[in-house]
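**Q** Fold the following for me, if possible:
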Amino acid sequence: MEQAAAIDARATAANVTAVRERIARAGGEGRTRLVAVTKGFGIDAMLAAAAAGADAIGESYAQELAHKLAELGAVLPLPLHFIGRIQRNKVRTLAPHVALWHSVDRVEIGAEIARLAPGACVLVQVNISDEPQKGGCAPSEVEALVATLQRQGLDVQGLMAVGPSGAPQLARPGFEMLAARKRDLGLVELSIGMSDDLEVAVECGATMVRVGRSLFGARPFRSTPTP
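**A** I've put the predicted structure just below:
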């Protein structure tokens, strides 16, 4: 991974405030929590986000996260959310540290998490845009997957999705569908919305938004989509 520029803690604090104001204007004050996505940055981004009042840290790459955890030692500044696609062979490394798994989209991944972290808190990721490069189960599979994960002993707290590529408003139909599905299943959490479409997500009922670029600037490498 290319080395990221040092994070300016004061600028991060201002950016966290600005994002919280965006959330509030969209109607999410007191409901929508801010997950600071620090993938591609060093532990200074984690520490700056914590100091600025973010609610959780979001990471997507197991190897990168393992290096950060080693550098941090036993001290995690905020609850750690794993938001990226999960490989079964990486679950063991992450299981002791992850407070919430956002991207469970297969029974096999759920079984591995349940084996290594019984009772773990998870979200089911749903592919709302039918874009093959994005993870997630099909909307038609959500109910069955939630039930199976619950039988495995996992605490399925809600649903997660990445909006479609393009203009933010293109995400609205998928976000609204997912919000309705969450309600129908009696779940609590809805993890939708990133830097560009967080207002739409909040208006659709997001309980968490995953934001990186609006807090820390451009990453030293490009990923698609960018939180």
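**Q** Packing partners of the biggest helix by length in the chain?
**A** Criterion DSSP state H: the longest helix present in the chain is helix 9-25. In this structure, helix 9-25 packs against strand 33-37, helix 43-52, helix 198-203, strand 208-211, helix 213-216, with contacts taken as 3 or more C-beta pairs under 8 Å, 6 or more residues apart in numbering; DSSP states H and E. For glycine as for every other residue, the C-beta is placed from the backbone atoms N, C-alpha and C.
**Q** can you put those in a markdown table and add mean pLDDT and distance to Arg183?
**A** Below are these laid out as a markdown table (pLDDT from 0 to 100; distance: least, C-beta to C-beta, whole Å):
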| stretch | mean pLDDT | distance to Arg183 |
| --- | --- | --- |
| strand 33-37 | 98 | 18 |
| helix 43-52 | 95 | 30 |
| helix 198-203 | 98 | 15 |
| strand 208-211 | 98 | 16 |
| helix 213-216 | 96 | 28 |
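**Q** And the ones you listed: which comes nearest Leu187?
**A** Nearest to Leu187 among the helices and strands packed on helix 9-25 is strand 208-211 (12.6 Å), distances taken as C-beta to C-beta.
**Q** For the closest one, C-alpha coordinates in PDB please.
**A** The C-alpha trace of strand 208-211 is given here as PDB (Å, rounded to 0.1, in the frame of the first residue of the first chain):
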ATOM      1  CA  MET A 208     -25.000   4.300   9.900                       C
ATOM      2  CA  VAL A 209     -23.200   6.000   7.100                       C
ATOM      3  CA  ARG A 210     -19.700   4.900   6.100                       C
ATOM      4  CA  VAL A 211     -17.600   8.000   5.200                       C
END
